[in-house]
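In: got a structure for you, letters missing:
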């Protein structure tokens, strides 16, 4: 469009159209080349215009399209794009990397094939500096010498480029790629993040990363729960993404890369040829699979060594503990000694396994490609497997913080199933998911993030999840007792509260349990009475436990006691114990105390205390180097008739 009303369109097989009423009507203009495609058209003003042809020549008009002159550029390659810089300088580009440049209005042309791609769009900012996009390039090409030489700059866009006088620029390309630059600087930024994402990992609800294995893409970071993303400069591309904590993370790509500063910078570890899956059982001990290799690290991923090389490529790996692990390939592979030996389970007729997950030594799940994507379960440590017929397609397995809560997804179907009790029950949560659902990660029980093959980043929210919300936790002394009270605003799956006590805020023991309300959205009030108080500080906390054995602690509550009312033998800690345990007891006034240890048959083993003790709280360290493993009893008696017994367990 040259103004509000005048415009031109050109196209295949000699198509040339003109409008003088802002596109309401178009009239055909016949120049005389019905069998040659008109690839691009550009006007400097209402008079001077140029069309590039499929045979390498151009058509030029100086009278607004009334007459057109054919000009030979010297090439027979199709010229797909052009830019009229001024009345003398014109540049065109197209097939076979061809660039044609004139500085005398088209009388003579300089040709070269220096572009790295077949150009689809080209534009110059002055007579020497220009930009081009085309092919399937992950870069924008730039020249500063009239197109004689070109070099790549970060950006992309295969089909169009537009540079404005204020320094703003845009490129567009396949798969909704739009890049923008500002202030005339080569800081092209992708406006729509729609790469073919490989993996996703969120450290918490707000901070997370997504990664692509495509050249020109890489690692992106969000600090606002996925509302916006910024590219991490200098980070590698990759297939697998894992963080052990907020600072330490890994990328599996053509190498295994590591960060120790929260993803700001990354460096190459040694010993591997890359990985598609990385797994750690703790911060130092981990494994990875890549190609036909299984790698192991014992120093937090700094160095990797090969445990096995197989013909078939490995796809996933999982360890129940430091010894028992599984890997997927054409066959299922198993180790019981930390990977010192791997056994190819050819006896298990599950071929082309894709992903594997175990919640215990005995119970595990594997996805298998047997003409479809199926989920199989074992309850006897992999001796036998049964197909989960309630799941139609299963490609990958992704867990929540609660190991019994996980999802299984199909790949091309977009179907996703969720279980909150380790596969006993299933719920399909596919909804309006896209057909290609890829990787998933959930930093908390009710929020997760997924990436798909369409370049989408998806956010999962379980709106039915109501975490236990503690409003208050208080304690007061009354009638020489301590009454604890607390209040919840809402509860989900809450089994109850373990009340724990300490005298130093480091060593805790349980003094009672109060059942919860399960799932509730109303305010609930709870209380507990501790009859054993001492003079001075004592500390309390609540250990909230749900029905899946997940737990979390309340803040610590301090209560200052001013009286001592009774003798008390507190639970020993730790219990069970290995070499030593602490025996804690309370004396209200100076008394003769006997504390002895008995075995399970009632035989006295040793006297731990047999003397007069003053008023106060006392600790005795009991060491057990000469005793065998077993159950023992700690008995406390006084000269005033007090008697109490606690059970302890020694494990060597």
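Out: Cool, the structure landed. What you see is a predicted model; the values in this text were computed from it and never measured.
In: what helix or strand is residue 199 on?
Out: Residue 199 is part of strand 197-202 when elements are defined by DSSP states H and E.
In: tell me what that strand is packed against?
Out: strand 208-212, strand 240-243, strand 437-444, strand 447-452 (3 or more Cβ pairs under 8 Å, 6 or more residues apart in numbering; DSSP states H and E). All C-beta atoms are positioned from the backbone trio N, CA, C, and that covers glycine.
In: which elements pack onto the second one?
Out: Okay, so that is strand 240-243. strand 197-202, strand 208-212, strand 249-252, strand 277-280.
In: any idea of the angle the second one forms with strand 437-444?
Out: Orientation note: strand 208-212 sits at an angle of 160 degrees relative to strand 437-444 (axes from the mean of the first three to the mean of the last three Cα atoms, to 10 degrees).
In: any low-confidence regions in the stretch 151-300 of the chain?
Out: For the stretch 151-300 of the chain, the stretches with pLDDT under 70 are 176, 216.
In: mind listing what's buried in stretch 506-519?
Out: 508, 509, 511, 516, 517, 519 (16 or more other Cβ atoms under 10 Å).
In: in this structure the second one contacts residue 503, no?
Out: No - using Cβ atoms under 8 Å as the test, residue 509 is too far from residue 503 to be in contact (9.7 Å).
In: please enumerate the shared neighbours of these two.
Out: residue 584 (Cβ atoms under 8 Å, 6 or more residues apart in numbering).
In: which among the buried residues of stretch 506-519 gets closest to residue 123?
Out: Among the buried residues of stretch 506-519, residue 519 lies closest to residue 123 (Cβ to Cβ), at 61.5 Å.
In: so the closest one sits right up against residue 468, yeah?
Out: No - Residue 519 lies out of contact with residue 468 (Cβ under 8 Å); the separation is 9.8 Å.
In: list the residues that contact both of the two?
Out: Joint contacts of residue 519 and residue 468 (Cβ under 8 Å, 6+ apart) are 491, 492, 494.
In: out of those residues, which end up buried?
Out: Using 16+ other Cβ under 10 Å, the buried ones in those are 491, 492, 494.
In: how about CSV for the helices and strands packed on strand 240-243, with distance to residue 68 and mean neighbour count added?
Out: Formatted as CSV, the helices and strands packed on strand 240-243 follow (distance: least, Cβ to Cβ, whole Å; neighbours: other Cβ atoms under 10 Å):
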stretch, distance to residue 68, mean neighbour count
strand 197-202, 49, 23
strand 208-212, 46, 25
strand 249-252, 56, 26
strand 277-280, 62, 22
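In: out of those, which comes closest to residue 570?
Out: Taking Cβ to Cβ, strand 277-280 is the member of the helices and strands packed on strand 240-243 nearest to residue 570, at 37.8 Å.
In: ok, and what's touching that closest one?
Out: Counting by Cβ under 8 Å, 6+ apart, 240, 242, 244, 250, 252, 256, 286-289, 301, 314-319 sit against strand 277-280.
In: out of the buried ones among the shared contacts of residue 519 and residue 468, which one has the weakest pLDDT?
Out: Ranked by pLDDT, those bottom out at residue 492 (77).
In: give the buried residues for the helix or strand hosting that residue.
Out: Per DSSP H and E: residue 492 is located in strand 481-502. Neighbour counts over strand 481-502 (16+ other Cβ under 10 Å) mark 482, 484, 486, 488, 490-502 as buried.
In: in stretch 375-385, what's buried?
Out: So for stretch 375-385, counting by 16+ other Cβ under 10 Å, buried means 375, 376, 378, 381, 382, 385.
In: which one of those residues is nearest to residue 34?
Out: For these, the nearest to residue 34 is residue 375 (60.9 Å; Cβ to Cβ).
In: ok so that closest one is a strand residue?
Out: Yes - read with DSSP: H, G, I helix; E, B strand; the rest coil, residue 375 is one of the residues of a strand.
In: what separation is there between it and residue 387?
Out: 7 Å (Cβ to Cβ, to the nearest Å).
In: same question, residue 567
Out: For residue 567, the distance to residue 387 - Cβ to Cβ - is 62 Å.
In: which one of these two has more residues nearby?
Out: residue 567 (21 against 14; other Cβ atoms under 10 Å).
In: grab the nearest non-local neighbour of that one.
Out: Leaving out its chain neighbours, the residue that sits closest to residue 567 by Cβ to Cβ, 6 or more residues apart in numbering is residue 642, at 4.2 Å.
In: would you check that that neighbour makes contact with residue 636?
Out: Yes - assessed by Cβ under 8 Å, residue 642 is found in contact with residue 636 at 7.2 Å.
In: overlap in contacts, the two.
Out: Common neighbours of residue 642 and residue 636 (Cβ under 8 Å, 6+ apart) are residue 567.
In: show the pLDDT at residue 453.
Out: pLDDT, residue 453: 68.
In: ignore what I typed, I meant residue 569.
Out: Reported pLDDT for residue 569: 89.
In: who's in contact with it?
Out: Contacts of residue 569 by Cβ under 8 Å, 6+ apart are 583, 584, 585, 586, 595, 634, 636, 644, 645, 646.
In: mind redoing it with 10 Å?
Out: Counting by Cβ atoms under 10 Å, 6 or more residues apart in numbering, residue 569 touches 532, 583-586, 593, 595, 634-637, 642-646.
In: with residue 10 instead?
Out: Neighbours of residue 10 in contact, by Cβ under 10 Å, 6+ apart: 16-17, 29, 31, 37-42, 51-53, 59.
In: once you drop chain neighbours, what's closest to it?
Out: Nearest residue to residue 10 in three dimensions, chain neighbours excluded: residue 38, at 3.7 Å (Cβ to Cβ, 6+ apart).
In: who does the one you found bridge with?
Out: Residues in a beta bridge with residue 38, per DSSP bridges, are residue 53.
In: what's the burial count for it?
Out: 21.
In: do residue 61 as well
Out: Residues contacting residue 61 under the criterion other Cβ under 10 Å number 17.
In: what's the distance between it and residue 69?
Out: 7 Å.
In: low-confidence ranges, the chain, go.
Out: Applying pLDDT under 70 to the chain flags residues 137-138, 176, 216, 371-372, 411-413, 435, 453, 463-467, 548, 562-565.
In: who are the contact partners of the spatially most central residue of it?
Out: Taking Cα atoms, centre = their mean, the centroid of the chain lies closest to residue 201, which sits 1.1 Å from it. Residue 201 makes contact with 207-211, 240-243, 249-251, 263, 439, 441, 443, 449, according to Cβ under 10 Å, 6+ apart.
In: can you tell me the closest non-neighbouring residue to it?
Out: Per Cβ to Cβ, 6+ apart, closest to residue 201 is residue 241, 4.4 Å.
In: bridged to the one you found, which residues?
Out: Here residue 241, judged by DSSP bridges, has bridge partners residue 251.
In: quick one: contacts for it?
Out: Here residue 241 is in contact with 197-201, 208-211, 219, 249-253, 263, 278, 439, 441, 451 (criterion: Cβ under 10 Å, 6+ apart).
In: now do the strands in the stretch 451-600 of the chain.
Out: 457-461, 469-478, 481-502, 509-520, 524-530, 536-546, 551-553, 557-561, 568-569, 580-587, 591-599 (DSSP state E, counting those that start in this stretch).
In: my guess is residue 226 contacts residue 443. True?
Out: No - if you go by Cβ atoms under 10 Å, residue 226 and residue 443 don't touch, sitting 11.4 Å apart.
In: for these two, list the residues in contact with both.
Out: In contact with both residue 226 and residue 443: 202, 205, 206, 208, 449, using Cβ under 10 Å, 6+ apart.
In: give me the beta-bridge partners of residue 8?
Out: residue 18.
In: I meant residue 473, not that one.
Out: Assigned bridge partners for residue 473, using DSSP bridges, are residue 486.
In: surely it meets residue 527?
Out: No - at 11.0 Å, residue 473 does not count as touching residue 527 under the criterion of Cβ under 10 Å.
In: just checking, residue 62 touches residue 84?
Out: No - counting by Cβ under 10 Å, residue 62 does not reach residue 84; the two are 11.7 Å apart.
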